[in-house]
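Visitor: Give the three-dimensional model of this entry:
(chains A and B)
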Amino acid sequence: MPPDHILPVLYDLSLTIGNETRPKPLLTRFLQRLLYHTSFPAGVFLFLPEMVDAAEGIMEARIGAVVGDYELLEREGENIRLPAALLLGDTARESNAGALLKDLGGGRYNAFLRLPVKGTGIILLLAQIMPETDLPLIQMFQPILARLATAYRLCLESEQRTREMLEASRDLEAQRQLMTSVYDSLHVAVMITDSGGRIIATNPAFSRITGYAYEEVAGANPRILSSGRHDAEFYRDMWAGIVKHGHWQGEVWNRRKGGEVYPEWLSITRMSDEASGVTHYVGIFSDISEQKAAQEKIQYMAHYDHLTGLPNRVLLQDRFEQAVAHAQRNHEQVAFLFLDLDNFKYINDVFGHATGDRVLCMVSRRLRDWLRVTDVLSRHGGDEFIVLLTGVRTTGAVALAAEKIVQMLREPFELDGNPFHIGVSVGISMFPQDGEDFDSLLRQSDMAMYHAKSSGRNAFYFYTQSMNRLMRERIELEQRLRDALSTGAFELHYQPQVAFASGHVVGVEALLRWPGSGMSPARFIPTAEESGLIIPLGEWVLHEACRQAQSSHVAGGHRISVAVNLSAVQLRRGNVVDAVRDALQASGLPPAFLELELTESMLIDEVENTLEMVRALKTLGVRLSLDDFGTGYSNLSYLQRLKVDKLKIDQSFVRNVAVDEEAAAIVRAIVEMGRSLGLEITAEGVETEEQARVLDALGCHYGQGYYFETPLSQQDLGRLLAGNGGVIGHTWRTADA
Amino acid sequence: MSSAVRYFPRIDTASITEHIASWKSAFPGMGVLALLPEAEKDAVSILQGVCSAAAAPLTGGIFPELIAEDAFVTRGCWLLCFDKAPPYVLQEHLPTDADGAMRVAETLAGRMRENLGADGGEATLFLLFDAMVPNISSLLDELYLKLANRVHYAGANAGSETFQPMPCLFDNDRIAGNAVLAILIKRHHGAILEHGYQLPEKYYTATATDGNRISHIDWRPAFDVYCELVRAQYGVDITRDNFYQYAVHFPFGIVRANHNVLVRIPVALGEDGSVVCVGEVPPHSVLSLLQAPEPDSRHTVDALLDRLSTLNGGVSGRDLLLFYCAGRRMHVAKAAAEAEVRDMGRRGQVGQIIGALSLGEIGASSVRGYPLFHNATMVTTLW
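Guide: Numbers count the residues shown, from 1 in each chain, chains lettered A, B, ... in the order given. Down below sits the predicted model:
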């Protein structure tokens, strides 16, 4: 091979060196290419010791790399003792070197080419017979061997650096895994945004808390978690804090993916570096729903009775303050009722506290169901309750309520099929009359309760004495009314209504009388209305008046109508239409002979309901009249819609009609209005002839009053009608005539 | 190694079955190496069935033609019997990257090490490659790094003379392409390889190569340079049209330091002016343009017989296993090739010549030398 083809060999070897970055493969590949180009069958790279001690002519070298010799290949990395003459010296080529090579190849080799690699070791190419070549093997490899030495050193350094980097990388990876593990296992959520506020990282806790997977929020603004509970100012303040201090923390209400709004404790930290400024924002938050719930529970337990769920004293006091403030603004009173259950200790002792607790819950439910929303029911402790009645205007109402409570709790409580009878003793104090502070009223109502208990239980007692007397009287009257109703102690008297034109009795007004009571209707009717007894009483009056009227018609007496007064309470609470219908059906009285008197004042409230009821009554065929007309505030269109049949001018106008022009003018106006509407006009309370004359002259159709006749019993009325032919004389018409 | 070997002029199942049974009864641990011509490739399944039925391990290859009865034949098959079935590996899906070659070499070397034992006895690693494998030289390099001189290296390329992909290596269960069949033959002295090409005076450099493709010679398109060289040195005008007719007569030679030449026969042209050879051409290889030997040259045959005799202590009366490069036969023409085969048999006074046309050969330039991939050679060993 001509020398000018040395270059491709060297170039190939140079490329081989350049293609390897690891020390051992570098040596192996270089050896391999050397063998290829030189036709030596085997080669070995030997590392020589730094300090050469060849005193005995033998050196210890380390086998670095082997190509082509299987036995030597298995000894790579081992030390081998070889003649110094083989290992030391410049590049050399020997053909009869069996003696030198016997330890290397066990007699397989007789020829070698030695190529020193300065600072590293030597290459020995081995053969049985020296391969033929024209190449100047001794000289041609010098530059490439120097390059090999440098490359080997660089590979070692690179390997060392790589090893260090790998170790550092392993350490970093271990740290990274640890941090990742910590990050992933945190119970608090971590959300990292870039400087533009776009989410770039979240941890598993974030997904657990918010319900959003990272992929669903990546690149989005954290405002997607907003619940809408915080206004713009809240967020402005938040960001102002972050800008100023680099940090903010506080409670935020956010919304989970599923829509649930929840509270979180959020901490936001701004990350920045000198070069770039703000780089990231790190938000760390924890779901404090449980803490909030615990707080609310603590709050609840601090304000509510555990057993019944009723407000405890702490909350009661707060509610009391609110009720008092409201009462002061509206000039009202607040009633403070102290309830102590009777016989409750017996239940606890005999049936156990578990049963006692259940009874207490039933008591509280029964009370709660009955009380108004504005009233306050509180468990004071044990078997004691406090009731605040708000918006009180009369003590009568308080007494009624107390009475109701006593009655309510007197009813047995059914528990597991067993009736439990308890009662209650109620003590009442009033704001502001009895006191203005909670403790005073509590103390006073407690005293009143004890008084109620000592007086026999199942009772209520006002702290104020005068109230008690009035209430006692009222209750007694109410009871008497009840008894009278049940025993039929009432009677109806009838006062005739006379036509001015003819003097005939055209009808009578039924008036309730309670013989033997010593009381006028004005005395006992209000109590009946307050207690609600007016309902059954009014129904009795209807039935009795219709029955007696029909009885009179049947008996052949004058067929006159009977007028019955209806109470405002009946209109509001009683089913008047049904009551009238029942009375007519039961008596057989033709509806046209029944006249229902309604006062003007009772029709002004609840106009539409009243109109509806009036229409219903009209459809029954009865007649309607407005009593005490002129004292209310009804307007003409209302009158027109009501479709009443008659107006009864209040006696206050009739009383002065003969002597007072103004009264006369009012009567005249009423008469003219009534006539223009087609209504009949009756004057009430006619007591003198002069009044009768004037009223007649003014155009009234009928008159009623002592001038004509006092209220009579049915028998007396019958005798009156029979005796005079139904005519009650009127001297002025007769005189004028 | 047994001398049981037989050529079957026809693939006769009954006859083959009987023969296998006979071998099996004599050598219960026997194995079979089969050589088939391409025209008989469909007979692989018959051989697999017969051998599997007889529980006889089978290995083999498909070659363009067989060498039998001193001639190149396209029918029949050779069955070569091992007294004891040798260990083998049929490795498919050979990778073409450097790391892949290393892994394959480690796999093959590992299997062979397991079977070599510690006695250090001679063995030959007999390698049959699919000729379409593009990186045979690289695979041999890696194998030599692993096994070094523990074994002798010998082998040949199987496949189709058309150089179209074809599954050509087989055992009892499969037939594979892009594969290598490695058989470890113990107590064997290796093979001898010769091409007989003379080394010319002029050299060139393969300045750009990619596996077996030479893109540039002396920094110029390879085909352009090739045509100039052939015209200048041998007075022959080569064009794209006549390339396939003439190229086999003017192969490249990769010149090594000790004057050894690796022949590389051009077999295809690229559109970019590159020349594709049989076998890798390492980058920056020193090339020469070879002139094929004279058809009646005795040099090659004598060299083969002499070296084989030296290696084995004589060849007289022995059967020879011979792989004759198809490129060489194309150059010398069939009649001359057959004459060369007969000459070998006669001059060596051998028993019979068993063999096949091959598409590349594997051998070392010296005993226990570096295994190299060759073209246009004859490789032979005693059977």
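
Visitor: Was I right to think A:Pro435 contacts A:Gln444?
Guide: Rather than Pro, residue A:435 is Gly. Yes. Using CB atoms under 8 Å, A:Gly435 is in contact with A:Gln444, at 6.2 Å. All C-beta spots, glycine's among them, are computed from the backbone N, C-alpha and C.

Visitor: Show me whatever sits in contact with both of those two.
Guide: Contact criterion CB atoms under 8 Å, 6 or more residues apart in numbering or on different chains; residues shared by A:Gly435 and A:Gln444: A:Ser429.

Visitor: Which one's more surrounded, those two?
Guide: A:Gln444 (21 against 18; other CB atoms under 10 Å in any protein chain shown).

Visitor: Helix or strand: which one has the more buried one?
Guide: Secondary structure from DSSP states H and E places A:Gln444 in helix A:438-454.

Visitor: Go through that helix and flag the buried ones.
Guide: By neighbour count on 16 or more other CB atoms under 10 Å in any protein chain shown, the buried set for helix A:438-454 is A:438, A:441-446, A:448-449, A:451-453.

Visitor: Equivalent analysis for stretch A:203-211, please.
Guide: Buried, per 16+ other CB under 10 Å, within stretch A:203-211: A:203-207, A:209-210.

Visitor: Touching it from outside, list them.
Guide: A:183-191, A:212-214, A:217, A:225, A:254, A:256-258, A:262, A:264, A:285-287.

Visitor: mind checking how far it is from the chain centre?
Guide: On the basis of CA atoms, centre = their mean, to the nearest Å, stretch A:203-211 sits 25 Å off its chain's mean C-alpha point.

Visitor: Kindly report the same for stretch B:310-322.
Guide: 18 Å.

Visitor: buried stuff in it?
Guide: B:311, B:315, B:318-322.

Visitor: Would you mind writing the CA trace of that stretch as CSV?
Guide: Listed next in CSV are the C-alpha coordinates belonging to stretch B:310-322 (Å, rounded to 0.1, in the frame of the first residue of the first chain):
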residue,chain,number,x,y,z
THR,B,310,-2.3,-27.6,6.3
LEU,B,311,-5.2,-26.9,8.5
ASN,B,312,-6.5,-30.5,8.6
GLY,B,313,-3.6,-32.6,7.9
GLY,B,314,-4.6,-33.4,4.4
VAL,B,315,-7.8,-33.5,2.4
SER,B,316,-7.4,-36.7,0.3
GLY,B,317,-10.5,-38.9,0.4
ARG,B,318,-12.4,-36.4,2.5
ASP,B,319,-15.7,-34.7,1.5
LEU,B,320,-15.5,-31.0,1.1
LEU,B,321,-18.2,-28.5,1.9
LEU,B,322,-17.8,-25.7,-0.7
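
Visitor: what mean pLDDT does it have?
Guide: For stretch B:310-322, mean pLDDT rounds to 85.

Visitor: for chain B, what's the longest helix?
Guide: Assignment by DSSP state H gives helix B:98-116 as the longest helix of chain B.

Visitor: Pairing partners for whichever helix or strand comes after that one, with directions?
Guide: Per DSSP H and E, the first helix or strand lying C-terminal to helix B:98-116 is strand B:123-130. Using DSSP bridges, the strands paired with strand B:123-130 are strand B:152-158 (parallel), strand B:180-186 (antiparallel).

Visitor: need the ones you listed in CSV with mean pLDDT and mean neighbour count, can you?
Guide: Shown next, in CSV, are these (pLDDT from 0 to 100; neighbours: other CB atoms under 10 Å in any protein chain shown):
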stretch, mean pLDDT, mean neighbour count
strand B:152-158, 93, 28
strand B:180-186, 94, 22
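
Visitor: so which of those strands comes closest to A:Leu310?
Guide: With distances scored as CB to CB, the stretch of these nearest to A:Leu310 is strand B:180-186 (94.0 Å).

Visitor: Just the element for A:Met408, please.
Guide: Short version, using DSSP H and E: A:Met408 is in helix A:395-410.

Visitor: Does anything pack onto that helix? Which helices or strands?
Guide: Helix A:395-410 makes packing contacts with strand A:333-342, helix A:353-370, strand A:384-392, strand A:423-431, strand A:459-462, helix A:465-487, helix A:521-531 when contacts are defined by 3 or more CB pairs under 8 Å, 6 or more residues apart in numbering or on different chains; DSSP states H and E.

Visitor: you'd agree B:Met102 is up against B:Glu142?
Guide: Yes. Using CB under 8 Å, B:Met102 is in contact with B:Glu142, at 5.3 Å.

Visitor: Between these two, which has more neighbouring residues?
Guide: B:Glu142 (22 against 18).

Visitor: For A:Tyr11, see how far away the closest residue to that one other than its chain neighbours is.
Guide: Nearest non-adjacent residue to B:Glu142, counting by CB to CB, 6 or more residues apart in numbering or on different chains: B:Ala105, 3.4 Å away. Taking CB to CB, to the nearest Å as the criterion, B:Ala105 is separated from A:Tyr11 by 26 Å.

Visitor: Neighbour count for the two, which is higher?
Guide: B:Ala105 (21 against 15).

Visitor: for the stretch 101-250 of chain B, what are the low-confidence residue spans?
Guide: B:119, B:196, B:198-200 (pLDDT under 70).

Visitor: and what of chain A?
Guide: A:1-5, A:51-55, A:465-468, A:470-472, A:557, A:574, A:601-607, A:632-635, A:724-725, A:729-737.

Visitor: can you pull out the helices in chain B?
Guide: Under DSSP H, chain B gives helices at B:13-26, B:44-53, B:98-116, B:136-147, B:222-234, B:243-246, B:299-312, B:326-332, B:334-348.

Visitor: and B:Gly120, how many neighbours?
Guide: 10.

Visitor: With B:Asp343 instead?
Guide: So B:Asp343, with other CB under 10 Å, has 19 neighbours.

Visitor: Would you mind listing the residues in contact with the closest residue to it other than its chain neighbours?
Guide: Spatially, and ignoring its direct neighbours in sequence, B:Asp343 is nearest to B:Val301 (5.4 Å; CB to CB, 6+ apart). By CB under 8 Å, 6+ apart, the contact set of B:Val301 is B:340, B:343-344, B:347.
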